[in-house]
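A.B. asks: sequence-free structure coming up:
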C-alpha cells in the first residue's frame, strides 16, 4: 500500500512540475513514505533523517504511518524536516508544500472528512503490473497492531471509481492488477463486496490477472471462495494471515477467528481451486505465548503447508493493548522460536517451488532480469521467475504472458527458459 501511495504522490506532484529523481543528491524534494508495522520503524526514520542532514537545500517530507504516529515529535527531533503528513492527507501535499518551510514547519495528521481518493489524480501505470487501493483502514483492533490508529477506520472506494481506475490502467498497458487494502476482503464499495468487484473487473478486456491482499479470515465469505472456482483471471494465490496456531493466543490477539474456522476456510478454498497457493503471517512471542501455544503454531504449519509466509518476532507498538501486558516473552525465547518456525516455513516453500521443476508455467514478464539476456516475471502462484532469453527478445517480451519451462528452483524463485526456444510444446493451462 505504501508503494501505491508513493506512486500517487508522484502523480500529484507531476502537476506541480516535479519529476522523479533517482538519487537524493541533487533532489529539490525528498519524501520518506513510512510504515509503522515493522520493528524499530520509528528509529529507522530518525536515522535516515540524520543521514539526510547533509542535503541542506532539499525540502524534506515525512509521510505515512510513522508520520501519523509521531506527528509534531518528528518536527521536534528532526529540524531538517519541513512537512509531516499522515496517509490520509497525501492529497494535500501540493498545498502543504507551498505553505511549509523551515520557518513554517507543518504537521498535518488529521483524518479529514473528505476522502483523499476524491482529490487524487487518475493513477498512471509504469508497467504491466500495478497496485490499486480499494480499501483502507481497519476496524479489527488486534492487540498487537497500530494500523487502526495510523490508517483510521475502514473505508471502501465506490466500485465505479475502482473500475474506472482499473480500465485506465489497462489502457496504459497493465495486464495484472493487485487490489490493496488493510482488510481488502472487508471491501463494501458495492452490494456484492469483493467477490462482485472481482467479477466486474474480470469483464475488462485486457485485464488478464487479478490478485488482492491483505485478507482477514473473519471477512472470507462463501461467495469470495466461490469466485476462485468461477473467475479464471483471479490468480490461484491467497495471502491469509493467521498469526498463531493457538486459539488461546488468537483470543489474546483479538483476532476474532479460531483455528477450526481458519482451517475450514482453507478446506473450502482447496475444494474449489485445488492448486491454490496459500501464504500467511505469523507473530512469534506475543505476550502470554507458552511453549504449548508455539507448538500448536508449528502443528498448524505442518497441516496446511504454506507456499510462502512472513514471520516476525512480536515487538510492542506504543498505545496498543498488548504493549502494556505484564507477561512479555523474553527476547532469547522469541529468537529461538522464530528460528524454528522459519526453518519449517522455508522447508515447505522449497518443497512447493521444487514441484514445478520440469513443468510449464505461464509467466507475465514485467521487468528485466538481474543478468544479461534475462527477463523476470511472476507465475499465477506469485512466484518470481528468471527467464533466459536471446538478446533480441527482451523488449518484445515485456508485458507478455509466455509459457516458461521451469529448469530449477531456489527458495524464493524459479528459473527457466521460454518453452518456444527450448523446442517444447506447452500444455494447456488455466492462467
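C.D. replies: Sure, I can see it. Predicted model only: the values in this text are computed from it and were never measured. Residues are numbered from 1 along each chain as shown.

A.B. asks: moving C-terminal of the one helix or strand residue 342 maps to, what's the next helix or strand?
C.D. replies: Element membership for residue 342 (DSSP states H and E) is helix 331-354. Downstream of helix 331-354, the first helix or strand assigned by DSSP H and E is strand 360-368.

A.B. asks: Now do that following strand: distance to the chain's middle.
C.D. replies: 20 Å (C-alpha atoms, centre = their mean, to the nearest Å).

A.B. asks: swap in stretch 70-86?
C.D. replies: Worked out by C-alpha atoms, centre = their mean, stretch 70-86 lies 26 Å from the chain centre.

A.B. asks: residues of that stretch that come out buried?
C.D. replies: Of the residues in stretch 70-86, 70, 71, 74, 75, 78, 80, 81, 82, 83, 84, 85, 86 count as buried by neighbour count, 16 or more other C-beta atoms under 10 Å. Quick note: C-beta positions are derived from backbone N, CA and C, even for glycine.

A.B. asks: Same check on stretch 176-184?
C.D. replies: For stretch 176-184, by 16+ other C-beta under 10 Å, it's 176, 177, 178, 179, 180, 181, 182, 183, 184.

A.B. asks: distance of residue 282 from residue 244?
C.D. replies: 7 Å (C-beta to C-beta, to the nearest Å).

A.B. asks: Same question for residue 90.
C.D. replies: From residue 90 to residue 244 the distance is 33 Å (C-beta to C-beta).

A.B. asks: Equivalent analysis for residue 40, please.
C.D. replies: On the measure of C-beta to C-beta, residue 40 and residue 244 end up 22 Å apart.

A.B. asks: More neighbours: those two, which one.
C.D. replies: residue 244 (24 against 9; other C-beta atoms under 10 Å).

A.B. asks: Contacts only, for that one.
C.D. replies: 250, 253, 255, 282, 283, 286, 289, 293, 296, 297 (C-beta atoms under 8 Å, 6 or more residues apart in numbering).

A.B. asks: Give the ranges of residues in the stretch 301-431 of the chain that sit below the confidence cut-off.
C.D. replies: 422-431 (pLDDT under 70).

A.B. asks: thinking again about what came up before, let's see which of the contacts of residue 244 end up in strands.
C.D. replies: Among the contacts of residue 244, DSSP state E puts 282, 283 in strands.

A.B. asks: Would you mind checking which of the contacts of residue 244 is nearest to residue 348?
C.D. replies: Using C-beta to C-beta, residue 282 comes nearest to residue 348 of the contacts of residue 244, at 12.4 Å.

A.B. asks: Ramachandran coordinates for the nearest residue to that closest one once chain neighbours are set aside?
C.D. replies: Nearest-residue entry for residue 282: residue 311, 4.2 Å, with adjacent residues in sequence omitted and distances by C-beta to C-beta, 6 or more residues apart in numbering. As for residue 311, its main-chain torsions (degrees, to the nearest 10) stand at phi -140, psi 140.

A.B. asks: and the gap between residue 311 and residue 292?
C.D. replies: For residue 311 relative to residue 292 (C-beta to C-beta), the value is 19 Å.

A.B. asks: So for these two, which sits in the more crowded spot?
C.D. replies: residue 311 (20 against 9).

A.B. asks: circling back to that earlier point, residue 342 is in contact with the residue nearest to residue 282, correct?
C.D. replies: Yes: between residue 311 and residue 342 there is a contact under C-beta atoms under 8 Å: 5.6 Å.
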